[in-house]
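*Asks:* Sequence and predicted structure are below.
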There are 2 protein chains.
Amino acid sequence: MIDRHLMKLRARYSISQIEEAAIRESLTEVARYPADHTAIRAGEVLTFSTLLLDGLMTRYKDLSDGQRQITEIHVPGDFADLHSFTLKHLDHNVMTLTPCKIVKSPHDRIQKLCEEHPRLGRIYWFSTNLDACIHREWEVSLGRRSALERTAHLLCELQVRLGIVGLATGNGYALPITQADVAECLGLTPVHVNRVLKELRETGLVEFRNGRVTIHDIEGLKRAAEFDPTYLYLGQRERG
Amino acid sequence: MIDRHLMKLRARYSISQIEEAAIRESLTEVARYPADHTAIRAGEVLTFSTLLLDGLMTRYKDLSDGQRQITEIHVPGDFADLHSFTLKHLDHNVMTLTPCKIVKSPHDRIQKLCEEHPRLGRIYWFSTNLDACIHREWEVSLGRRSALERTAHLLCELQVRLGIVGLATGNGYALPITQADVAECLGLTPVHVNRVLKELRETGLVEFRNGRVTIHDIEGLKRAAEFDPTYLYLGQRERG
DNA sequence: CGCTGCTTTGAAGCCCTTCAAACCAGGTGG
DNA sequence: CCACCTGGTTTGAAGGGCTTCAAAGCAGCG
């Protein structure tokens, strides 16, 4: 059930059988949410974190004029809100982009897990810091990259992150979201996202149609995005 | 020496004398850096974290064409790179904006601190998550707010964060950085930052001159920025 | 007293937005 | 079985916010 979560962890750290069992014990209730469901509202007191098993979720903030900024996309294997373990309530909302399956991890169990397995505690701390790395890279995109670069960069990031959990090949991946969703990630209008996607398609780099990303030229796409996956901290990070 | 760090912590948590002593013991060497000094380069292996005592530092990323995006400003009392405790090397650079005084906290001591004082461990975990909150708020600014709103928002954020550590009053604070630095925070050109600052000045909201921010209308400024400080998680977070 | 780095201002241009409408596919009901 | 509806995609035309390029102004300093 939590295979993808373990794949994500093991892309950076080795996880022993004992640790794996401890992680499993920290999980409780499974739930399913429909698409476009706000799972967590900013400000509400949380007593558990949400591990995404299947589907896509996002963190987002709304502005008073109805605009919305998505600050991160979550793929299966991610905790959508592990940071709520320390924050207790969130500064942002969390919603599903697609129908999702999740499993809850109560904060008292996470605390027990961290106390009994300090190394896992540090790995989960790392995991929240990895979210911050993604936030920083998005800041760079939003602040300095052109619409085309930004779009290409997002598609590269998802290719890598979905690839880690076995949901992407070199050719592409399922991405059953709308162009409006992409626009909310990129700080653009849906109209302009549409034009950018057209350009990416016509230059033969990548195609995003019918909820699927098909990459025709991965190297060209990375070049267009100036994509450097270092910020995703792949590869084993310590022995043992 | 670490008064401001303690002020920052105590703005959210109570810290006992024992915990305070333990924190002090985790610190070693003090260092001074000149302005515009790159203290940490992306990728280099780190064995300690850097606590900023005095001055201003930033996290930033460079792009191949020479553009730069600052992803966070650090004020006295902040760790510039507590996340290096889990990341071991950074995905970004850290530099001084002004002459700075820092103190180092070796990772092995932080680990000891967290093991012997698990509550402090969680508070430091929280602290890195607070950086992520700031990153998210900046994503919103960069993605959705106009140049004027963005600028006003940054000035509000710094007013609050410097206020926590006793470096700002309701009237303003010292901010000895250039308009070009501000531009690198906001994803704008220095020229446009200059025009926006002129507008903020002429509408009587705030003045940024000679390395000092003078706030003439704090409520108006907050309104212009749609500033909501919730994301800074002020106020006591638990009993005890 | 001229150099240097920062700020300020002007003019022109472009990237992206805005507004509007057509197109298209899938689902529903008559 | 097709007309209709709905949500998403696509395209066009006009406009605006910010950039780019250029140069002048200004303060601190050797």
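*Replies:* Thanks, I have the structure now.

*Asks:* Check which helix or strand the residue lying closest to residue A:232 once chain neighbours are set aside maps to.
*Replies:* Ranked by CB to CB, 6 or more residues apart in numbering or on different chains and with sequence neighbours excluded, the top spatial neighbour of residue A:232 is residue A:160, at 5.9 Å. In short, each C-beta sits where N, CA and C put it, glycine included. Residue A:160 is part of helix A:147-164 when elements are defined by DSSP states H and E.

*Asks:* do the lengthiest helix in chain A and DNA strand D meet?
*Replies:* Taking DSSP state H as the criterion, chain A has its longest helix at helix A:118-144. No: using CB under 7 Å from any atom of the strand, helix A:118-144 stays clear of DNA strand D, coming no nearer than 8.7 Å.

*Asks:* now check that helix, is it near DNA strand C?
*Replies:* No: using CB under 7 Å from any atom of the strand, helix A:118-144 never reaches DNA strand C; the gap is at least 10.2 Å.

*Asks:* ok, back up a step: does any bit of the helix holding residue A:160 sit next to DNA strand D?
*Replies:* No: shown here: helix A:147-164 not in contact with DNA strand D (CB under 7 Å from any atom of the strand), separated by at least 11.8 Å.

*Asks:* Buried ones in that helix, by neighbour count?
*Replies:* Neighbour counts using 16 or more other CB atoms under 10 Å in any protein chain shown place A:147-159, A:161-164 of helix A:147-164 among the buried residues.

*Asks:* who's in contact with the closest residue to residue A:153 other than its chain neighbours?
*Replies:* Nearest non-adjacent residue to residue A:153, counting by CB to CB, 6+ apart: residue A:225, 3.9 Å away. The contact partners of residue A:225, taken as CB atoms under 8 Å, 6 or more residues apart in numbering or on different chains, are A:145, A:149-150, A:152-153, A:155-156.

*Asks:* Those: which two are farthest apart?
*Replies:* Greatest spacing in those, by CB to CB: A:145 and A:155 (12.8 Å).

*Asks:* Surely residue A:165 and residue A:9 touch.
*Replies:* No: judged on CB atoms under 8 Å, residue A:165 makes no contact with residue A:9 at a distance of 10.4 Å.

*Asks:* The two: which is more packed in?
*Replies:* residue A:9 (22 against 18; other CB atoms under 10 Å in any protein chain shown).

*Asks:* And the pLDDT for the more buried one?
*Replies:* For residue A:9, the pLDDT comes out at 98.

*Asks:* ok so it is a helix residue?
*Replies:* Yes: assessed with DSSP: H, G, I helix; E, B strand; the rest coil, residue A:9 lies in a helix.

*Asks:* tell me the contacts of it?
*Replies:* A:15, A:123, A:127.

*Asks:* Give me the nearest residue to the second one, chain neighbours excluded.
*Replies:* The spatial neighbour of residue A:123 that comes closest, neighbours along the chain excluded (CB to CB, 6+ apart), is residue A:13 at 5.4 Å.

*Asks:* got it, and residue A:135?
*Replies:* Closest to residue A:135 by CB to CB, 6+ apart is residue B:135, at 3.8 Å.

*Asks:* number of nearby residues for the nearest residue to residue A:91 once chain neighbours are set aside?
*Replies:* Of all residues beyond its chain neighbours, the one nearest residue A:91 is residue B:231 (4.0 Å), with distances taken as CB to CB, 6+ apart. Under the neighbour criterion other CB under 10 Å, residue B:231 is assigned a count of 19.
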